[in-house]
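# Kindly return the folded structure for what I paste below:
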Amino acid sequence: MAVAAPRDAVAAGTVDEQKAAGVGILLQISMLVLSFVLGHLLRRRKFYYLPEASASLLIGMIVGGLANISNTQRSTRRWFNFREDFFLLFLLPPLILYPFLYVGGLIYIVYKLPLVECMMFGALISATDPVTVLSIFQELGTDVNLYALVFGESVLNDAVAISLYRSMASMRKNSSGPHYFLVILRFLENFVGSMSSGVGVGLISALISLMLTFFYQ
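Sure, this is the predicted structure:
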């Protein structure tokens, strides 16, 4: 009997934790659905005084405040906080799989694009535009090194996207086997040439700046 009591306590704690997890997940999913519905109503009514992101934030604040002032169990209340397991199990898979299934399935089913043209489309949309992020960095006065890293990564990403697109376009024109090796060489030529040009321009600019600094000092 002494051994059975701790086991019953552990089982009861596990059941309570599962109930709390179920209630927390249900409420979070309900908040997501309510955010989508409220955003749709705001767009349909053309009510621009309250943005959709602000409406979602307001819903979360109201539900969180009600959970804190109510007699909600502590185990259930913990599930209102950001949890990594909830994000990995319920929020991250739709973010990854939805564009893959929707965009990829739509392109394949509707247009029947071959593999090379799909790769051309992937290379075309892989370029990033960090104008908004860089403007926010500039307004906040962030570190110059962080600004340069984000800007350099976007420029390098654009260069790789251009090289991949040109390589896939060459492969589409010359679909025979021996031309694949030439396409790889063309990609390496564009990539190494662009990188060498960028490094060369950077070194020359640094040298000129150093010489001007010594000259005016």
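# can you pull the buried residues of stretch 143-159?
Judged by neighbour count (16 or more other C-beta atoms under 10 Å), stretch 143-159 contains these buried residues: Tyr147, Val150, Ser154, Ala159. Where you see a C-beta, it was placed from the backbone N, CA and C, and this is true even at glycine.
# Contacts for that stretch, please.
Identification of contacts with stretch 143-159 by C-beta atoms under 8 Å, 6 or more residues apart in numbering yields Ser126, Ala127, Thr128, Asp129, Pro130, Val133, Leu134, Phe137, Gln138, Phe191, Ser194, Met195.
# Mind doing that once more with 6 Å?
By C-beta atoms under 6 Å, 6 or more residues apart in numbering, the residues outside stretch 143-159 that reach it are Ala127, Thr128, Pro130, Phe137, Ser194.
# what about the first one, how many neighbours?
Going back to what we said before, that points to Ala127. 16 (other C-beta atoms under 10 Å).
# So it, which state does it fall into?
With DSSP: H, G, I helix; E, B strand; the rest coil as the basis, Ala127 sits in coil.
# Run through the residues that contact the residue nearest to it when sequence neighbours are not counted.
Closest residue to Ala127 apart from its sequence neighbours, by C-beta to C-beta, 6 or more residues apart in numbering: Ala161 at 4.2 Å. Neighbouring residues of Ala161 by C-beta under 6 Å, 6+ apart: Ala123, Ser126, Ala127.
# distance of the residue nearest the centre of the chain from Arg43?
Nearest to the mean C-alpha position of the chain, counting by C-alpha atoms, centre = their mean, stands Leu95 at 8.4 Å. Remark: distance between Leu95 and Arg43 (C-beta to C-beta, to the nearest Å) = 21 Å.
# secondary structure element for the residue nearest to Ala127?
helix 144-173 (DSSP states H and E).
# any idea which helix or strand comes after that helix?
Downstream of helix 144-173 (by DSSP H and E), the next one is helix 178-216.
# buried ones in that next one?
Buried, per 16+ other C-beta under 10 Å, within helix 178-216: Val183, Arg186, Phe187, Asn190, Phe191, Ser194.
# Would you map out the domains in the chain?
For the chain, automatic domain parsing gives the domain ranges 4-81, 118-216.
# Would you point out the helix or strand in this structure whose mean pLDDT is lowest?
helix 74-78 (a mean of 58; mean pLDDT, DSSP states H and E).
# Past the helix or strand where Asp85 lies, which element shows up next along the chain?
Per DSSP H and E, Asp85 falls inside helix 84-86. For helix 84-86, the succeeding helix or strand toward the C-terminus, using DSSP H and E, is helix 92-99.
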